[in-house]
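**Student:** Quick one, what's the 3D model for this:
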Amino acid sequence: MTWSTEQVAERTGLSHRQLQNWDETGVVEPHRGKSKRREYSDVQLQELEILGKLKQKGFSLQMLRKLMPKIRRRLNNKGKVCLSLLLVAPDEVWRVRDSGQVLEILSGASMKRPVVLV
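**Tutor:** Prediction:
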């Protein structure tokens, strides 16, 4: 299945301009259909859902670009997030699972306790 820019924007909360910018800068490269409009795959939709949630939480574009290859490696060929993904920022560690659902955020004092990941 393919997703239009409008559908992706509605589903992810990202603006049309943000999607266009990420296409132009190579963060996510959608396919161009016969009408030359952007068409996103299911996997790209999931990538954008994860990126959108991280952007809402304050991750910079530079950080998102660095994380994108790691996010892609964690997505299998069916577009499912494999187990969990750790995102490490200077003062926070995020554990993300299943289409970008944030399972746990450790910051400050809570980072000093041991963490067991499944």
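
**Student:** Next, the contact list for Ser41, please.
**Tutor:** Residues near Ser41 by CB atoms under 8 Å, 6 or more residues apart in numbering: 1-3, 30-31, 79. In this view, the C-beta of every residue, glycine as well, is placed from N, C-alpha and C.

**Student:** Please identify which helix or strand holds the closest residue in space to Val8 that isn't next to it in sequence.
**Tutor:** Leaving aside its sequence neighbours, Val8 sits nearest to Tyr40 (CB to CB, 6 or more residues apart in numbering; 5.2 Å). According to DSSP states H and E, Tyr40 maps onto strand 38-41.

**Student:** Going by neighbour count, list what's buried in that strand.
**Tutor:** Buried positions in strand 38-41, judged by neighbour count with 16 or more other CB atoms under 10 Å: 38-40.

**Student:** I'd like those residues written out as JSON lines, with distance to Ala9 and pLDDT added.
**Tutor:** Formatted as JSON lines, the buried residues of strand 38-41 follow (distance: CB to CB, whole Å; pLDDT from 0 to 100):
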{"residue": "Arg38", "distance to Ala9": "11", "pLDDT": "92"}
{"residue": "Glu39", "distance to Ala9": "14", "pLDDT": "94"}
{"residue": "Tyr40", "distance to Ala9": "10", "pLDDT": "94"}
